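Engineer: Using only what follows, build the 3D model:
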Amino acid sequence: MSSVDRKRKPTGGHSPPHKKFQKGSPNHGPDKFPPLTSSSDNGLLPPLPSIDEKFRDVVFTHQSMAGSPAESYDRLEFLGDAYLQLFSSRLIWDRLPFLPAGRMSQVRESLVKNETLAQYSDLYGLTKQLKNFKRFQNGPPQTWLKIKGDLFEAYVAAVVLSTPEGFERVRNWLLHLWEPKIEAITSKPEASSKSKEELAKKVLGKGVRLNYEDEREPIIHYGQGRETYFVGVYLTGWGWENQYLGSGKGLSRNAAGQEAAAAALENHPLIDEIIAKKTAFYAEAKKKGEPQPNKHSKD
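Structural biologist: Model prediction:
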């Protein structure tokens with residue numbers, strides 16, 4: 001049934017935000033990232049670490065402008081990519097101990113993807129230091145995005161190689177740079193993997209259904225090997241027909257469904273009204289001596 005055909009009895013619940021489309025902090029030891037200092041608490045970017053002059057020409061030279069691989073940032077970008085993977089992995093390990101491995105990989109991708117690194121290159125003014133940058137800026141957008149991401153990776157490697165303390169300088173710098181993203185994750189924990197089960201226990205009964213339906217087509221993140229799904233949960237029963245309860249999004253359809261269920265559990269006063277009707281129904285049935293179900297199956 002399409003969203004335009006849905007019939008819902010008036011309630012205090014919310015309206016669905018989208019039309020459905022038709023299917024076709026742990027302790028920090030000495031070897032862990034240190035706590036934040038005041039330099040990043042004011043909302044500004046942490047200072048850009050300096051690099052040795054011997055790397056400056058190389059860092060800001062694209063391979064198409066160089067006579068040999070050693071004269072462009074290509075090799076530095078290779079090394080910087082590895083450092084970013086290492087530092088982001090350890091940061092996630094230390095700061096987000098509650099995440100499973102799969103989710104850790106997703107968070108790491110958000111920290112080191114080209115879109116994130118390109119933004120850093122812009123914010124620090126690295127982009128305009130690239131030799132003949134306007135030529136690349138006027139090229140294909142995705143190519144320009146990758147160049148800016150590669151530039152940041154090359155700069156990271158140059159900082160590491162510039163001084164004996166380069167490794168620690170980069171690690172602490174990236175910690176402060178990534179902290180807002182990590183903070184956003186810790187302030188909004190992922191929906192419980194049992195949200196759908198909890199919702200089912202609260203509202204299901206004989207002849208009552210929960211339907212998890214795609215609200216829109218998934219977004220395909222080309223080149224990143226992942227998709228974002230959008231799912232809504234609807235209730236039929238207890239006097240409602242295809243009643244919208246909540247929406248969620250996630251990197252899998254199941255994760256999106258779990259988030260939708262979590263949203264439904266917080267959809268007051270609608271969820272309270274549904275639970276009250278279920279409770280009243282079984283209380284009346286008990287008075288009549290009718291058998292009571294031990295538990296209700298999930299949809």
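Engineer: contacts, neighbours, all on C-alpha from now
Structural biologist: Noted.
Engineer: give me phi/psi at N242?
Structural biologist: N242 has phi and psi values of phi 50, psi 50 when expressed as degrees, to the nearest 10.
Engineer: Verify the stated contact: it with Y234.
Structural biologist: Yes: the pair N242 and Y234 passes the contact test of CA atoms under 8 Å, sitting 5.2 Å apart.
Engineer: Where do the helices of the chain begin and end?
Structural biologist: Counting by DSSP state H, the chain has helices at residues 53-59, 74-95, 101-112, 114-123, 133-137, 141-162, 166-187, 195-203, 253-265, 270-287.
Engineer: tell me the most buried of these?
Structural biologist: Comparing the helices of the chain by mean neighbour count (mean count of other CA atoms under 10 Å), helix 253-265 ranks first with a mean of 24.
Engineer: confidence score at the residue nearest in space to the middle of the chain?
Structural biologist: In the chain, the residue lying closest to the centroid (CA atoms, centre = their mean) is V107, at 6.3 Å. Per-residue confidence (pLDDT) for V107: 87.
Engineer: Mind pulling up the pLDDT for the nearest residue to it once chain neighbours are set aside?
Structural biologist: Among residues not flanking V107 along the chain, I92 sits closest, at 7.7 Å (CA to CA, 6 or more residues apart in numbering). Looking at I92, its pLDDT is 94.
Engineer: do G125 as well
Structural biologist: 91.
Engineer: where's it relative to E217, distance?
Structural biologist: According to CA to CA, to the nearest Å, G125 stands 37 Å off from E217.
Engineer: Among these two, which residue is more densely surrounded?
Structural biologist: Comparing G125 with E217 by other CA atoms under 10 Å, the one with more neighbours is E217, at 15 against 12.
Engineer: Quick check: the more buried one vs T228, distance?
Structural biologist: Distance from E217 to T228, by CA to CA: 9 Å.
Engineer: quick revisit: what about the residue nearest to the centre of the chain, distance to R253?
Structural biologist: Look at V107 and R253: by CA to CA, they are 18 Å apart.
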